[in-house]
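**Student:** what's the 3D shape of this:
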Amino acid sequence: MIFIHEFGCDIRQWETQVRYFSRAYRCVTYNARGYPPSDVPEDAALYGWEFSVDDIAAVMRDLSIERAHFVGLSMGAYAALQFGLRHPEKVSAIVAASVGSGSPPSQRDAWLKETSVLSRIFIEHGMRGMAERMGRGPARIQLKYKDRKSWQEFVERLRQHSPRGMSNTMARCQALRPSLYDLRDVLSKMAIPVLLAVGDEDVPCLEANLMLKSSLPNAGLWICPNTGHAINLEEPAAFNAHVENFLSAVERGSWRRAYPGTSSRLDPNVRWPARQDESADHTNQIQANAAVHHSAHL
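**Tutor:** Numbering: from 1, shown residues only. Okay, the predicted model is just below:
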């Protein structure tokens, strides 16, 4: 199993999952480029979703892994889906958790504006100034009220991140990645088993996950109640159970692709409705994700 972390965390976000799944699987985690002790390139051109895909391949090559299950959250989930599109022979299953921030057309303009602003703020204010602000976001605060210690650890880990790495990741990987909505045609041809997992209070990702469920022919969708963006930290037992059940079904060959006479695909001519409270200059709260690098920390 290869675990790919989100923008707002690093390999430490997977501690509960690695402890659990290492009983049955070889578990691999690594820090993205821009996240020490992995390299933090000064050149922003060395960041982007394409590098995320290449770095996954490099990790697999260096560890002599031919094929693996992937578990990614947020930007890590985006990277896993992109990797699956380009290297399907290397992927046996994908858990894509909390994926889709900034992808819906209704969020796109606000996402591009806010990623631009935040990439500058990380440099100007540093991580100590940004960590608690990020931890108190509307899809992050749930963790504080469920598990205050885990929330404090999340914020403290954020303070340790590189402002340069976070800024470059935001400016190049977050802002420039294609919207998942632009990938619907190619995603509709991807046969890899996928478990989509999203919290019902992770508003920026809910719409995108419904779209992905309708587009991916071999996907199931789990919506976790009263849960925000960091679904694996907020509800670790439920997350582990759903992932385990999914992987067991995949390995048994019983994960559904489609039942005869049924389809989860939506009419392509039907437009996804915009939220009623939306305006042209409305700025949505950002939910950030991550990139990856070849000098991975295992």
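
**Student:** Please, where are all the helices along this structure?
**Tutor:** 15-21, 49-62, 75-86, 105-135, 141-146, 148-159, 163-168, 175-176, 184-187, 203-215, 231-234, 236-252 (DSSP state H).

**Student:** The fifth one - what's its average pLDDT?
**Tutor:** Okay, so that is helix 141-146. Per-residue pLDDT over helix 141-146 has a mean of 97.

**Student:** residue nearest the centroid of the chain?
**Tutor:** In the chain, the residue lying closest to the centroid (CA atoms, centre = their mean) is Ser74, at 1.7 Å.

**Student:** Hmm, that residue is touching Gly102, no?
**Tutor:** No: shown here, Ser74 and Gly102 do not form a contact pair, counting by CB atoms under 8 Å, at 10.6 Å. From N, CA and C alone the C-beta is placed, and that goes for glycine too.

**Student:** among the helices of the chain, which is nearest Glu6?
**Tutor:** helix 75-86 (5.4 Å; CB to CB).

**Student:** And the closest one, what's buried?
**Tutor:** For helix 75-86, the neighbour count (16 or more other CB atoms under 10 Å) marks 75-85 as buried.

**Student:** count of neighbours near Ile141?
**Tutor:** 15 (other CB atoms under 10 Å).

**Student:** tally of neighbours for the closest residue to it other than its chain neighbours?
**Tutor:** Leaving aside its chain neighbours, Ile141 sits nearest to Gly228 (7.1 Å; criterion: CB to CB, 6 or more residues apart in numbering). Residues near Gly228, counting by other CB under 10 Å, number 27.

**Student:** for Gly228, phi and psi?
**Tutor:** Per-residue torsions, Gly228: phi -100, psi -140 (degrees, to the nearest 10).

**Student:** wait, doesn't it sit right on Leu143?
**Tutor:** Yes: look at Gly228 against Leu143 with CB under 8 Å: they come within range, at 6.8 Å.

**Student:** Now the common contact residues for those two.
**Tutor:** Each of Glu234 lies in contact with both Gly228 and Leu143 under the rule CB atoms under 8 Å, 6 or more residues apart in numbering.

**Student:** isn't Asn209 right up against Leu196?
**Tutor:** Yes: contact criterion CB under 8 Å: Asn209 and Leu196 qualify, at 5.1 Å.

**Student:** Mind listing the shared neighbours of the two?
**Tutor:** Both Asn209 and Leu196 are contacted by 99, 221, under the criterion CB under 8 Å, 6+ apart.

**Student:** chain center to stretch 181-199, what's the gap?
**Tutor:** How far stretch 181-199 lies from its chain's middle: 13 Å, per CA atoms, centre = their mean, to the nearest Å.

**Student:** Next: stretch 200-217.
**Tutor:** Relative to its chain's centre, stretch 200-217 lies at 12 Å (CA atoms, centre = their mean).

**Student:** send the alpha carbons of that stretch over as PDB?
**Tutor:** Listed next in PDB are the C-alpha coordinates belonging to stretch 200-217 (Å, rounded to 0.1, in the frame of the first residue of the first chain):
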ATOM      1  CA  ASP A 200     -20.400  15.500   4.400                       C
ATOM      2  CA  GLU A 201     -19.100  18.800   5.900                       C
ATOM      3  CA  ASP A 202     -16.300  19.000   3.300                       C
ATOM      4  CA  VAL A 203     -18.400  21.300   1.200                       C
ATOM      5  CA  PRO A 204     -15.800  22.100  -1.500                       C
ATOM      6  CA  CYS A 205     -15.300  18.400  -2.300                       C
ATOM      7  CA  LEU A 206     -18.900  17.000  -2.100                       C
ATOM      8  CA  GLU A 207     -19.900  18.100  -5.600                       C
ATOM      9  CA  ALA A 208     -16.700  16.800  -7.200                       C
ATOM     10  CA  ASN A 209     -17.200  13.400  -5.500                       C
ATOM     11  CA  LEU A 210     -20.700  13.100  -6.900                       C
ATOM     12  CA  MET A 211     -19.300  13.900 -10.300                       C
ATOM     13  CA  LEU A 212     -16.500  11.300  -9.900                       C
ATOM     14  CA  LYS A 213     -19.000   8.700  -8.800                       C
ATOM     15  CA  SER A 214     -21.000   9.300 -12.000                       C
ATOM     16  CA  SER A 215     -17.900   9.300 -14.200                       C
ATOM     17  CA  LEU A 216     -15.600   6.500 -12.900                       C
ATOM     18  CA  PRO A 217     -17.100   3.100 -14.000                       C
END
